[in-house]
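Chemist: Can you look at this prediction? I've put the sequence above it.
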Amino acid sequence: MEKIKSQAGKVSELIFAADTGATYKKAITLTWAILRETGVLLWLVICLVFVGGEWFWQNSISLGQSARNWYEGLQTSSEAESKSATEIGQSALSAVGTGAGTLLYQAKKQLGIDAEPPAPKPQKPKAETHQAKSPAPEPPPAPSSTAVPDSPSTTESVAPTSSSPSLEAEASEDA
C-alpha cells in the first residue's frame, strides 16, 4: 500500500506543478494554430483547383469551338439536327457557366487574384431562334363559296356524362 501512495504522490506533484499547466496550455495553443493554418491552406488549394478547372474549361471550350468551326467549314450542307444539338449544348453551357462564374469569382477573390464579378449574359428570345430555323407556315385554305349551313347534328346539345338512368332517358327524349 505504501508503494501506491508514494506513486500517487509523484503523479499529483507532476500534474499540479506550475510548469505542467503552462506546458499543456502552450501545446494546445500550438496545436490549434497548426489546425487553423492547415484549414486555410486546404481552402486555398480548393480555390486553386476551381481556378485551374475554370482555366481548363475555357481552353477546352475555345479548342472545341475552333474545331467545330473548322469542321463546319468542311461541310457543304448543314442539317437542322446538328443545329439543334448545338443550341442544346450552348444552353447547357450557359446554365453551367452562370453558376460556375460566381463560384470562380469568389475563389479568385480568396486567392487574391484580380477578378471582375460575372456579368449576366443576355439570352436570345426563343421566338427568334425558332422562326429563323423553321420554314414559313402555310396559310390556311381560303373558305369556299359553297359552304354548307350548320346541320342539326353540329348544334345538338351534348348529353351529360353521368351514368344515371334518369338523365340518360331525358337526354334521349330531347334528341
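Modeler: It's in. Residues are numbered from 1 along each chain as shown.

Chemist: gap between G9 and M1?
Modeler: 13 Å (Cβ to Cβ, to the nearest Å). Bear in mind the C-beta positions are built from the backbone N, C-alpha and C, glycine included.

Chemist: higher neighbour count, these two?
Modeler: Legend: neighbour count by other Cβ atoms under 10 Å for G9 and M1, higher for G9 (10 against 5).

Chemist: average pLDDT across the helix or strand harbouring that one?
Modeler: G9 is part of helix 2-15, with elements assigned from DSSP states H and E. Helix 2-15 shows a mean pLDDT of 92.

Chemist: Likewise for stretch 93-106?
Modeler: For stretch 93-106, mean pLDDT is 77.

Chemist: What residues sit buried inside it?
Modeler: G97, G101, L104, Y105 (16 or more other Cβ atoms under 10 Å).

Chemist: tell me the contacts of the second one?
Modeler: The reference is to G101. Going by Cβ atoms under 8 Å, 6 or more residues apart in numbering, G101 touches P118.

Chemist: residue ranges for the helices of the protein, please.
Modeler: Secondary structure of the chain (DSSP state H): helices at 2-15, 18-74, 80-111, 126-133, 152-155, 165-174.

Chemist: possible to save the ones you listed as TSV with distance to P118?
Modeler: TSV is the format used below for the helices of the chain (distance: least, Cβ to Cβ, whole Å):
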stretch	distance to P118
helix 2-15	58
helix 18-74	11
helix 80-111	3
helix 126-133	23
helix 152-155	59
helix 165-174	64
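
Chemist: Tell me which of the ones you listed lies nearest to A119.
Modeler: helix 80-111 (8.6 Å; Cβ to Cβ).

Chemist: Just want the angle from that closest one to helix 18-74.
Modeler: Between helix 80-111 and helix 18-74, the angle comes out at 150 degrees (axes from the mean of the first three to the mean of the last three Cα atoms, to 10 degrees).

Chemist: For the chain, name the helix or strand with the lowest mean pLDDT.
Modeler: Using mean pLDDT, DSSP states H and E, helix 126-133 stands out as the lowest-scoring helix or strand of the chain, at a mean of 47.

Chemist: What would stretch 15-30 look like as CSV? C-alpha coordinates only.
Modeler: Backbone C-alpha positions of stretch 15-30 (Å, rounded to 0.1, in the frame of the first residue of the first chain) are rendered in CSV as follows:
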residue,chain,number,x,y,z
ILE,A,15,0.1,17.2,-12.6
PHE,A,16,-0.2,20.1,-10.3
ALA,A,17,3.2,21.6,-10.9
ALA,A,18,3.2,25.2,-12.2
ASP,A,19,5.1,24.4,-15.4
THR,A,20,2.8,21.5,-16.3
GLY,A,21,-0.2,23.7,-16.8
ALA,A,22,1.9,26.2,-18.8
THR,A,23,3.3,23.4,-21.0
TYR,A,24,-0.1,21.9,-21.7
LYS,A,25,-1.5,25.4,-22.5
LYS,A,26,1.3,26.0,-24.9
ALA,A,27,0.8,22.6,-26.6
ILE,A,28,-2.9,23.2,-27.0
THR,A,29,-2.4,26.7,-28.4
LEU,A,30,0.2,25.5,-30.8
